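J.: output the structure for:
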Amino acid sequence: MSKILLSRIKPRHNSNCKPPRSPPFNTRIKELVNEVVKILESHEQWEETLETRLSQEESPISDVAYHLFNRIGDVNLGLKFFDWIKQSPYSYSLNGYAYSSLLTLLANSKEFAEIETVIESMRGEDKLPTSETMSVVIQAYSDSGLVDKALEFYNFVKKEHCLMPNLLACNSLLNALTKCGRIRIARLIYDEMIQTDSPEKRFVDNHSTCIIVRGLCEEGKVDEGKKLIENRWGKNCIPNIVFYNTLITGYCRNNDIKRAKGLFIELKQKGVLPASETYGAIINGFCREGNFDGINRLLMEMNARGLRVNAQIYNNIIDSECKHGLVAEARETMKRMKTNGCEPDIITYNTLICRSCKDGKVNEADELLDQAIKRGLIPTKLSYTPLIHVLCKKGNYVRALNLLLEMMERGHMPDLVTYGALIHGLVISGNVDEAMKIREKMVERGVLPDAAIFNVLINGLCKNGMISSGMQLLNDMLNQNIKPDRFINATLLDGFIRNGDFDGAKKLFEFTIENGMDPDVVAYNAMIKGYCKFGKMKEALSCLRSIINSNLFPNEYTYSTIIDGYIKQNELHNALIVFCRMMKQECKPNVVTYTSLVNGFCRQGDCDKAEKIHKQMEYCGLIPNVVTYSILIGSFCKEAKLEKACFYFERMLINKCIPNDFTFTYLVNGFTNKSFSLFTEETDSQVSKKFLFLGFLGKMMSDGYDSRIAVYNSIIACLCNYKMFHISKQLSDKMTSKGCLSQSVAFASLLHGLCLEGKLGEWNNFVSCDLSPHELQIALKYSLILSQYLPQGSTSEASVILQNLIEESGFHDQPVNSLKMSV
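T.: Residues are numbered from 1 along each chain as shown. Next up, the predicted model:
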């Protein structure tokens with residue numbers, strides 16, 4: 001109903017006169033009302049029957065209507081009677097009380113369209129609803145989330161009745177306003193309630209204040225909420241546990257766990273017993289900061305007090321454990337949940353399904369979904385969406401689409417999130433064409449892609465060299481009035497550059513500026529990357545100046561890209577100038593920055609300065625990556641500083657940095673390009689004891705192995721010794737197929753690696769043993785060598801396994817030290 005309609009309802013002319021009393025409810029009226037109800041319910045010709053019956057009565061029709069609307073609970077019967085009155089040839093009319101009684105019936109049944117119709121009738125008859133009825137109407141609109149209408153009625157009652165709606169109506173309105181984030185208006189109404197409140201008639205209670213405090217807390221204004229409480233009850237006076245719960249929840253949402261804990265301690269010191277909700281609020285705060293010891297203490301406290309831990313509390317704990325990588329603990333929490341008589345709900349399962357999918361454990365997630373269904377729980381979109389996403393990433397589109405259909409059969413239509421997961425998974429797995437088809441399907445179903453989905457699709461198209469299709473998607477976005485975000489522009493620019501079309505990148509860059517999309521740092525960085533790739537360093541510096549002139553801030557990627565560009569142009573001096581400018585601007589260099597400088601010094605043959613840069617990098621708390629280590633290893637191998645190369649190779653393994661093919665190639669080339677005599681001169685026994693790689697290589701070379709075979713076997717030995725069995729097995733399989741390995745020595749290393757990773761009992765599931773007795777003896781010899789280099793605190797049973805295999809073969813031992821390969 002509009003404000004215009006409300007304004008046309010006239011007030012009673014004599015405001016000093018009390019309205020007539022409500023119609024009396026005597027025995028005669030009661031019998032008549034009962035008769036009318038029976039006629040409305042059962043007679044086919046009810047109109048004639050009703051007209052005949054009421055024409056015999058002296059009681060006003062309004063009295064009958066008033067009591068009838070009050071007594072019946074069937075809104076359809078009430079409307080049936082009202083329509084008959086309006087259409088009656090005798091022109092029956094209702095007074096304000098009868099109309100108000102009908103409005104109350106309609107409000108209780110949430111018949112908002114009919115409320116509009118009735119008020120229109122009242123306007124035409126110059127009738128006014130009672131304030132009590134309008135309070136019920138306000139409450140109905142508020143409870144249904146129709147806040148604007150409720151506000152109109154609130155203002156109407158104040159204007160026409162010169163009083164406030166009742167407490168229940170005002171509280172409902174406050175609650176509706178705070179729920180939709182309109183806390184400012186709620187505060188104004190609350191202040192009016194406070195001003196009108198009196199001991200004779202209450203217009204505000206604890207619930208009213210709590211609603212406003214909760215609204216303030218949800219907006220992050222917890223201190224303001226606390227101040228509101230103090231203004232009403234006095235400083236440091238919080239009236240009851242409900243207010244404590246609200247404030248503690250608010251502080252926890254603001255990640256101010258310290259203040260939340262302070263209130264929790266305070267309430268106990270004041271003798272207020274925390275309720276389950278209080279514990280739930282503070283546990284949620286502890287979940288946010290990962291304080292699992294604190295959570296366990298609170299759970300024990302709840303148990304001691306006989307308070308039940310509900311599903312919401314358990315779900316918060318499980319969610320936090322999953323977010324902190326404690327997946328095994330999360331599963332144990334679910335078991336404890338069941339043991340304590342609290343059944344996991346679909347949120348519990350969804351949390352664990354999501355975590356399993358993030359870890360790529362599809363089977364585990366599938367099992368959880370099956371368990372949930374078998375327990376009678378109804379899966380939601382959040383049950384299916386993570387599974388659909390991970391299945392697409394793994395290329396299992398059939399299963400993903402089957403899950404999508406299953407989800408739809410359960411009444412959950414795919415939304416933007418579901419389609420986004422499906423498209424993202426398809427793009428990641430390289431199926432961009434299928435992703436584009438899904439995009440067409442979602443548009444057909446009326447779900448329009450957002451900027452994030454466009455970005456994923458454009459990124460996939462650009463990586464596949466389909467730049468024109470990416471540009472077409474950009475045009476589609478603009479036609480749909482979806483403003484491309486910074487990532488979309490940067491993705492397209494990067495796509496042009498990757499495909500060598502720098503002119504296309506420049507045109508797109510200019511196009512975005514012409515269309516009012518000012519480039520940000522991400523877009524500028526994409527252009528700088530292009531300029532550097534094509535050796536246009538002056539233009540790259542010009543872009544850097546444009547960033548600064550646009551009041552933007554270059555980031556570490558900006559500077560690192562330019563530094564790397566100069567290094568690739570062999571302009572180390574200019575790279576160092578940019579590095580100094582970067583430090584001056586207090587922009588912290590990252591791993592890429594330092595790695596580029598390491599590369600620059602190595603290119604000039606100055607490995608000493610490259611080492612200094614590496615040390616500076618580690619001093620700053622940055623962890624070198626595989627590129628950093630590989631550059632250093634390659635440079636030291638090139639300069640025949642083999643001990644240094646060994647040092648950095650084993651250091652990268654200690655730091656759990658996985659080497660790549662470049663690392664292996666540098667080592668093989670470095671150690672096979674030098675003659676054995678030169679190598680043995682450089683590596684005395686002390687050095688051999690220091691580095692496993694050198695010691696192992698020296699033994700193999702002295703046993704007459706080919707230098708290439710010896711180097712690859714030494715690499716595998718090091719990988720196994722530093723618990724990188726998976727990588728060593730891949731390299732072993734690859735080099736075996738090329739004939740670059742000693743099978744017996746590699747077997748000893750792999751067995752050794754399995755022992756160190758705790759997989760000794762299942763070693764034959766990972767490696768096969770088809771060695772001859774003589775080869776087993778050689779394997780035992782090198783296993784004993786490896787045992788000398790075990791990391792501190794580690795043990796290996798590999799030699800015992802080999803000894804058992806030799807005994808089973810019935811081979812008579814030779815002294816292992818005398819075993820050499822046949823050359």
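
J.: could you use CA atoms for every contact and neighbour count after this?
T.: Noted.

J.: show me what contacts T663?
T.: 629-630, 633-634 (CA atoms under 8 Å, 6 or more residues apart in numbering).

J.: host element of it?
T.: T663 is located in helix 661-672, with elements delineated by DSSP states H and E.

J.: mind listing what's buried in that helix?
T.: For helix 661-672, the buried set under the neighbour-count rule, 16 or more other CA atoms under 10 Å, comprises 663-664, 666-668, 670-672.

J.: can you classify G605 by secondary structure?
T.: Secondary structure assignment for G605 (DSSP: H, G, I helix; E, B strand; the rest coil): coil.

J.: quick check: closest non-adjacent residue to it.
T.: Among residues not flanking G605 along the chain, S635 sits closest, at 7.7 Å (CA to CA, 6 or more residues apart in numbering).

J.: who are the packing partners of the helix or strand hosting the one you found?
T.: Assigned by DSSP H and E, S635 belongs to helix 626-638. Packed against helix 626-638 by the contact rule (3 or more CA pairs under 8 Å, 6 or more residues apart in numbering; DSSP states H and E) you find helix 591-603, helix 607-619, helix 642-654, helix 661-672.

J.: hey, which of those is tucked in deepest?
T.: Stretch with highest mean neighbour count among those: helix 591-603 (a mean of 23; mean count of other CA atoms under 10 Å).

J.: any residues touching stretch 604-613, and which ones?
T.: Residues contacting stretch 604-613 (CA under 8 Å, 6+ apart): 594, 597-602, 632, 635-636.

J.: helices of the stretch 301-450 of the chain, start to end?
T.: Secondary structure of the stretch 301-450 of the chain (DSSP state H, counting those that start in this stretch): helices located at 311-323, 327-339, 346-358, 362-374, 381-393, 397-409, 416-428, 432-444.

J.: quick one: the fourth one to helix 381-393, angle?
T.: So the one you mean is helix 362-374. 150 degrees (axes from the mean of the first three to the mean of the last three CA atoms, to 10 degrees).

J.: give me the mean pLDDT for helix 362-374.
T.: Averaged across helix 362-374, pLDDT comes to 93.

J.: list the buried residues for it?
T.: For helix 362-374, burial by neighbour count (16+ other CA under 10 Å) applies to 362, 364-366, 368-369, 372.

J.: and which of these is nearest to T104?
T.: A372 (44.0 Å; CA to CA).

J.: quick check, that closest one in contact with Y384.
T.: No: counting by CA atoms under 8 Å, A372 stays clear of Y384, with 11.9 Å between them.

J.: rewinding a little: just the pLDDT at the residue nearest to G605, thanks.
T.: pLDDT, read off for S635, is 94.

J.: measure it to R445 for me?
T.: 59 Å (CA to CA, to the nearest Å).

J.: more neighbours, the two?
T.: More neighbours surround S635 than the other of S635 and R445, with 25 against 11 (other CA atoms under 10 Å).

J.: wait, what's in contact with the more buried one?
T.: Contacts of S635 (CA under 8 Å, 6+ apart): 602, 605, 607.

J.: then F243?
T.: Contacts of F243 (CA under 8 Å, 6+ apart): C210.

J.: again, 10 Å this time
T.: Residues in contact with F243 (CA atoms under 10 Å, 6 or more residues apart in numbering) are 206-207, 209-211, 213-214, 225-226, 229, 249, 278.

J.: ditto for E277
T.: Contacts of E277 by CA under 10 Å, 6+ apart are 241-242, 244-246, 249, 283, 309-310, 312-313.

J.: would you reformat the contacts of S635 as JSON lines and include pLDDT?
T.: Compiled in JSON lines, the contacts of S635 are given as follows (pLDDT from 0 to 100):
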{"residue": "C602", "pLDDT": "94"}
{"residue": "G605", "pLDDT": "91"}
{"residue": "C607", "pLDDT": "91"}
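
J.: buried residues, stretch 126-143. List them.
T.: By neighbour count on 16+ other CA under 10 Å, the buried set for stretch 126-143 is 127-143.

J.: whoops, I mixed them up, stretch 418-432
T.: For stretch 418-432, burial by neighbour count (16+ other CA under 10 Å) applies to 418-432.
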